[in-house]
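>>> Give me coordinates for this.
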Amino acid sequence: MSIDTSKVATTNATTAATAKRSNPIGAAATWADDRLGLATLGKKQLRKVFPDHWSFMLGEIALWSFVILLLTGTFLTLWFDPSMTEVTYEGSYDQLRGIHMSQAYASTLDISFDVRGGLLMRQMHHWAAMLFIAAMMVHMMRVFFTGAFRKPRELNWVIGCLLLLLGTLEGFTGYSLPDDLLSGTGIRAADGFMKSMPVVGTYMSFFLFGGEFPGDSIIPRLYVVHILLIPGILLALIAAHMLLLVYHKHTQWPGPGRTEKNVVGFPLMPVYMAKAGGFFFIVFGVTAFMGGLLSINPVWKYGPYDPSKVTAGSQPDWYMGWPDGALRIMPGWETHLFGAAGGLPGVTISWNVFLPIIVLPGLAFTVLLLLPFLDAWVTGDKREHHLLQRPRNAPTRTALFVALMTFYGLLWAAGGNDIIAIVFDLSINQITYFMRAAVFIGPVIAFIITRRWCISLQRADNDRLLHGYETGIIMRSAEGGYSERHLDLPEASAYTLTARDRDVVHEAGAGADDNGVARRHSGLERLRARLSRGWYGHNVQKPTREELDEAHTHVEHEHELQAGLDHPADGHQYDGHHTVEEDALRGGGGRH
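Numbers count the residues shown, from 1 in each chain. Next up, the predicted model:
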C-alpha cells in the first residue's frame, strides 16, 4: 500500500510548527499568547472531556434560557420606562386611549404595539423566564435522584438552590414591572405578606414602598433589582457553578470503562461545543416559536393598576403557585395580643398568612439546602463520587424526594382550586378540605409506594443477573415439562447493573468507654444508627461473586440435563424478534 509521505512528519523537534506564509490573525494570536500565556491553559480546557447523555441537557436548557433572557431583556430595556408618573395614554391601542395610567404601563403598551418586534421580545422574555425556572427544577431533580450532589459537589448543590431561589424572585420582580392590574394585584399581595411578619413587617413594607402602599417608588426599585442586582448575582453564581463543574469534572453514568477516576465522552472542542451551540439554537428556536404564537401576559386586557380594584380570577406565574396554594388552604388562624384592656395597642398575628407564605417557603428552602449534608450524615459516606446512581439503587432517598415532589404538587394544585372548581363543577370548599388532608397524607403514600417500587426493581435486576433475561421461548423436555429459555445479559448491561457499592449500615458504638465515661454525642449516634437502618434496612444488595458463580454452575447443570434436546423451532416459539433460520431452540450460552 502506498503512503503519501508529504503528510508525514519529518522532524522530532520540540518547537511548534509555524505557517510558511504570514497570517495577520495568527500573528495577533501569537502576540497575545506571548504576553498572556492563554494558549496552554486554553488547550487544556478545550480538550476537557464531557460525557454524553440526554439528561445532561437539562442544565443546558436552563443556561441557554438565561442567555435568551439577557438578550431579550437588553432589547426591552431600551424602550421600557419604569416611572410611576401618571400619564394619559395616546398610543395605538384604541380601547385604552385616553385612560390615565403610569408611564411604566404606557411604555409596556408601546413596546407591545408600536415597537417593531416588541411584542415578540416581551413574550420570548416571559417564556424564557418560565423555561429557565422549570429547567432548573427538573435539572435539580435529576441531580438528586442520581446522587450527583454527593461529595465533592455539595457546594454546587447549594449554588443550584440559590439559583432557583433567585430565579423565582427575578421572575416575580419582572412580572410586576408592567404595572397592570394583574401584576399590581401581586404586589398588593406581597405587601400583605410582608406585613404579616410580626414586629418588622410594617417597617419592611414602608422601606420597600417608600411609604404607604402603593407609593410612587416600587416600580423603579423593582426595576433596579430586576435588571441589575439579581442578574449580577445570577451571573456570578452561574460562573461559579460552571467553574466547579469543570474543576470537579462531570459525573457520568456507570458502564464498561467508566470508573470514579476517569471520564468517558467527547472533548469540549470541537465536539461538545458544536453540540452545545446547536442546542442553543434549538432552545432559542423553541422559545421564539412560543413567543410568536403563544400569547402570554396580555397586559392590555387587564388595564392599568388601580388599588381599589382586583383582577378577577388572578393567578400568579406557575412557579409561585405552591405558596399561593398553601395560603388558600390554610385555616384562618389569628392571634390577638394586648388590646385596649391592657392599655397597650393591640397586635394581631396573622398565622393564616405568616405560616404558609413566610415560614413554609423558608423551611422548604432550608431543607432543600441541607439534603446533601443530611444524606452524608445518615449514610456516613465520606467518599468522592463521580459515577451516578440509578434511582432504584437508593430507594429511601428516591422515595423521600418523591414525597417532597408530591407535597409541592398538591400545593401547586391547591393554588388553582378556583379554576378546578369551575372546570369540573366542584365545590371549592370541598376541594379546600380535601387538599388540607392530602398535603399530609399524599407524601406519606408516595414515599411508601416509591420505596417499595424501587426495592422491587432491585430484586428484578438481581434476578436478571443470576438467571438471565426471559426470551419468551418455551422449551419442552423429553418428559413433557415446559420451561422458558433464558439468555445471559450482555456484558455491558451486566456491568452496569453491578457497578454499585453495597450499602453499609452505620452502627452506634457503646454509650460509654472502657472506663465507664459516657461518650460525647452518644444519643446523636444512636439516632444516626436508627436512621441508617431505616435508610438501608430494606435495600436489596447486588449478588456476590459466590452467588453469580453458583448461578453459572446451575446453568451448566441444566445444559447437561437438556443435552440432545437441541432442534430448530418451527416459528411458534419466537416473539417476532428472530427468524427460524437465525436461531435454534437451544444455543450456546443460554440460561434456564
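>>> Mind listing what's buried along stretch 455-463?
455, 457-458, 461-462 (16 or more other CB atoms under 10 Å). Where you see a C-beta, it was placed from the backbone N, CA and C, and this is true even at glycine.
>>> Restricted to strands, list those.
Counted as lying in strands by DSSP state E, out of the buried residues of stretch 455-463, is not a single one.
>>> between those residues, which is nearest residue 490?
Residue 490 lies nearest to residue 461 out of the buried residues of stretch 455-463, by CB to CB, at 14.1 Å.
>>> quick one: that closest one and residue 455 touch, right?
No - counting by CB atoms under 8 Å, residue 461 does not reach residue 455; the two are 10.7 Å apart.
>>> how far does stretch 130-141 sit from the chain's center?
Distance of stretch 130-141 from the chain centroid (CA atoms, centre = their mean, to the nearest Å) equals 5 Å.
>>> just stretch 158-178 next, same as before
Per CA atoms, centre = their mean, the centroid offset for stretch 158-178 relative to its chain is 15 Å.
>>> same thing with stretch 204-221?
34 Å.
>>> ditto for stretch 55-67
10 Å.
>>> Can you tell me what sits against it?
50, 128-129, 131-132, 135-136, 138-139, 142, 146, 234, 238, 250, 276, 279-280, 283-284, 287 (CB atoms under 8 Å, 6 or more residues apart in numbering).
>>> Then stretch 531-541?
378-380, 393, 395-397, 451, 455, 458-459, 462, 502-506.
>>> now the buried residues of stretch 455-463 as CSV including pLDDT and distance to residue 85?
Shown next, in CSV, are the buried residues of stretch 455-463 (pLDDT from 0 to 100; distance: CB to CB, whole Å):
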residue, pLDDT, distance to residue 85
455, 94, 64
457, 93, 62
458, 92, 65
461, 89, 67
462, 88, 71
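>>> Point out the ones among the residues you listed that are inside helices.
455, 457-458, 461-462 (DSSP state H).
>>> Which one of the residues you listed is nearest to residue 527?
Nearest member of those to residue 527, counting by CB to CB, is residue 455, at 23.8 Å.
>>> Show the average pLDDT along the helix or strand where residue 105 lies.
Taking DSSP states H and E as the criterion, residue 105 maps to helix 103-113. Rounded to a whole number, the mean pLDDT of helix 103-113 is 96.
>>> buried stuff in the helix or strand that it is followed by?
Following helix 103-113 in sequence order, the next helix or strand is helix 118-145 (DSSP H and E). For helix 118-145, a neighbour-count test (16+ other CB under 10 Å) marks 118-137, 139-140, 142-145 as buried.
>>> which is the next helix or strand following helix 118-145?
By DSSP H and E, the next helix or strand past helix 118-145 is helix 154-176.
>>> With just CA atoms, put that following helix into PDB.
Taking C-alpha atoms only, helix 154-176 is exported to PDB below (Å, rounded to 0.1, in the frame of the first residue of the first chain):
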ATOM      1  CA  GLU A 154     -22.300  19.700  47.900                       C
ATOM      2  CA  LEU A 155     -21.400  23.300  47.300                       C
ATOM      3  CA  ASN A 156     -22.600  23.100  43.700                       C
ATOM      4  CA  TRP A 157     -25.900  21.800  45.000                       C
ATOM      5  CA  VAL A 158     -26.100  24.800  47.300                       C
ATOM      6  CA  ILE A 159     -25.300  27.200  44.400                       C
ATOM      7  CA  GLY A 160     -28.100  25.500  42.400                       C
ATOM      8  CA  CYS A 161     -30.600  26.000  45.200                       C
ATOM      9  CA  LEU A 162     -29.600  29.700  45.400                       C
ATOM     10  CA  LEU A 163     -30.000  30.000  41.600                       C
ATOM     11  CA  LEU A 164     -33.500  28.500  41.900                       C
ATOM     12  CA  LEU A 165     -34.500  30.900  44.700                       C
ATOM     13  CA  LEU A 166     -33.100  34.000  42.900                       C
ATOM     14  CA  GLY A 167     -34.600  32.900  39.600                       C
ATOM     15  CA  THR A 168     -38.000  32.800  41.300                       C
ATOM     16  CA  LEU A 169     -37.500  36.300  42.800                       C
ATOM     17  CA  GLU A 170     -36.300  37.600  39.500                       C
ATOM     18  CA  GLY A 171     -39.400  36.200  37.800                       C
ATOM     19  CA  PHE A 172     -41.600  37.900  40.400                       C
ATOM     20  CA  THR A 173     -39.900  41.300  40.000                       C
ATOM     21  CA  GLY A 174     -40.100  41.200  36.200                       C
ATOM     22  CA  TYR A 175     -43.700  40.000  36.300                       C
ATOM     23  CA  SER A 176     -44.500  43.100  38.500                       C
END
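>>> Please list the members of the contacts of stretch 531-541 that lie in helices.
Reading helices off the contacts of stretch 531-541 with DSSP H, I get 378-379, 395-397, 451, 455, 458-459, 462.
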